[in-house]
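[1] Generate coordinates for the sequence data below:
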Amino acid sequence: RMDVDLGVPSSTYDITDIGWDGEAFAVHLQLPSTREIFVARVAPDGQVILPLTKYGATPSGGGMPLGYRMSTNATSGMSYLFDASGGRFLSGHDRAGQAVPWAATRPLDIMLPNGLSTVTSNPGVAADAEGGAWVAWTQTSLSGLAAHVTGAGAVDQSVILRANRALARMSPAIVAASSTQVWVAGSTGDEAITVYEFDGAALREPRPLVSSPFAPNDPVNVWDTRDYYSFDWQDERWLSFSEPALLHIVKVHGDCTYRAATKAAAQ
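    As a prediction, this is how the structure comes out:
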């Protein structure tokens, strides 16, 4: 345990995300009164090597379930913030805390090639090793979508992950396998946690990862899953999610499907 002094009162700023940028911890804070976003870099020994620095602002507050999500990549050193509160706002900064030039003053509102521009929600984001980021979101509670944004701010990949129904009731977990490949996991809350994989050319058939303990469309029992996060570590992929008073961590491997969380043995 270490006490780190960032030079600001903890009662004034909200810590919204901490990521490893390959050299130090990128600690992100938001000033709720202005929605401004700040970053400080902290070395493993607790030394502050980049004082708190403002790099942008975003429309909503951080946190679950409706706030923005953030991701930091240890190879590229980039950190990205994705906010889907009514629009698709993406901003980011490099390892030095410098905001990307295409979103220096306000986050970029991504306009996809298909022209979708209605209400958005449930943001997910994963910075990639090449300097860009994959984002995923729900479009007007009708479809789940994902897009890749390059380090120059251009959308070069986009895909509908799930048509005619929300991708997730909460923000999905998302892993940027590369600038052309993305892995997304989420659930509407009353069904299995489902995995969607896009390889730059085609979307694999979605598959269940963790089954629901209740029957589909059960009017009484709803599987209340939330807080999806996923990450790769030493050639392994892990997914964490929570239920009220419960936290689950699942190892993702092959095409295994896990039974309901109370009996989480692989099939």
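
[2] okay, CA-based contacts and neighbour counts for the rest of this
    OK.

[3] For the stretch 51-200 of the chain, give me the ranges with low pLDDT.
    Scanning the stretch 51-200 of the chain for pLDDT under 70 picks out the ranges 62-66, 105-106, 111-118, 141-142, 189-190.

[4] ranges for the strands of it?
    69-72, 79-83, 89-93, 108-109, 120-127, 133-139, 143-149, 155-162, 173-176, 182-186, 193-198 (DSSP state E, counting those that start in this stretch).

[5] Kindly reformat those strands as TSV containing mean neighbour count and distance to residue 204.
    Below are those laid out as TSV (neighbours: other CA atoms under 10 Å; distance: least, CA to CA, whole Å):
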stretch	mean neighbour count	distance to residue 204
strand 69-72	26	24
strand 79-83	29	25
strand 89-93	25	26
strand 108-109	18	28
strand 120-127	28	19
strand 133-139	29	16
strand 143-149	22	14
strand 155-162	18	9
strand 173-176	26	15
strand 182-186	25	10
strand 193-198	21	6
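
[6] Could you save those strands as TSV and add columns showing distance to residue 222?
    Below are those laid out as TSV (distance: least, CA to CA, whole Å):
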stretch	distance to residue 222
strand 69-72	25
strand 79-83	27
strand 89-93	31
strand 108-109	34
strand 120-127	19
strand 133-139	20
strand 143-149	21
strand 155-162	21
strand 173-176	20
strand 182-186	15
strand 193-198	13
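
[7] Show me the one of the ones you listed that comes nearest residue 230.
    strand 173-176 (5.4 Å; CA to CA).

[8] Direction included, what does the closest one pair up with?
    strand 182-186 (antiparallel) (DSSP bridges).

[9] Let me know the angle separating the strand it pairs with from strand 155-162.
    Angle of strand 182-186 versus strand 155-162, following axes from the mean of the first three to the mean of the last three CA atoms, to 10 degrees, is 30 degrees.

[10] picking up where we left off before, the strands of the stretch 51-200 of the chain: which one's closest to residue 221?
    Among these, strand 193-198 sits nearest to residue 221 (CA to CA), with 16.0 Å.

[11] Put the alpha carbons of the following helix or strand past that closest one into PDB.
    Sequence-wise, the next helix or strand downstream of strand 193-198 (DSSP states H and E) is strand 207-210. Taking C-alpha atoms only, strand 207-210 is exported to PDB below (Å, rounded to 0.1, in the frame of the first residue of the first chain):
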ATOM      1  CA  ARG A 207     -21.800 -17.400 -28.900                       C
ATOM      2  CA  PRO A 208     -22.900 -17.600 -25.300                       C
ATOM      3  CA  LEU A 209     -20.100 -17.400 -22.700                       C
ATOM      4  CA  VAL A 210     -22.000 -17.500 -19.400                       C
END
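
[12] gap between strand 207-210 and the chain center?
    Put simply, strand 207-210 sits 19 Å off its chain's centre (CA atoms, centre = their mean, to the nearest Å).

[13] Would you mark the buried spots in the very next helix or strand once past it?
    Following strand 207-210 in sequence order, the next helix or strand is strand 226-233 (DSSP H and E). Within strand 226-233, the residues scored as buried using 16 or more other CA atoms under 10 Å are 226, 227, 228, 229, 230.

[14] Closest one to residue 34 out of those residues, please.
    Comparing these against residue 34 with CA to CA places residue 227 closest, at 25.5 Å.

[15] which SSE is the closest residue to that closest one other than its chain neighbours in?
    Spatial nearest neighbour of residue 227, chain neighbours left out: residue 241 (5.3 Å); criterion: CA to CA, 6 or more residues apart in numbering. In this structure, residue 241 sits in strand 236-243 according to DSSP H and E.

[16] same for that strand, what does it pack against?
    strand 226-233, strand 246-252 (3 or more CA pairs under 8 Å, 6 or more residues apart in numbering; DSSP states H and E).

[17] Would you format those strands as a markdown table with mean pLDDT included?
    Below are these laid out as a markdown table (pLDDT from 0 to 100):
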| stretch | mean pLDDT |
| --- | --- |
| strand 226-233 | 88 |
| strand 246-252 | 88 |
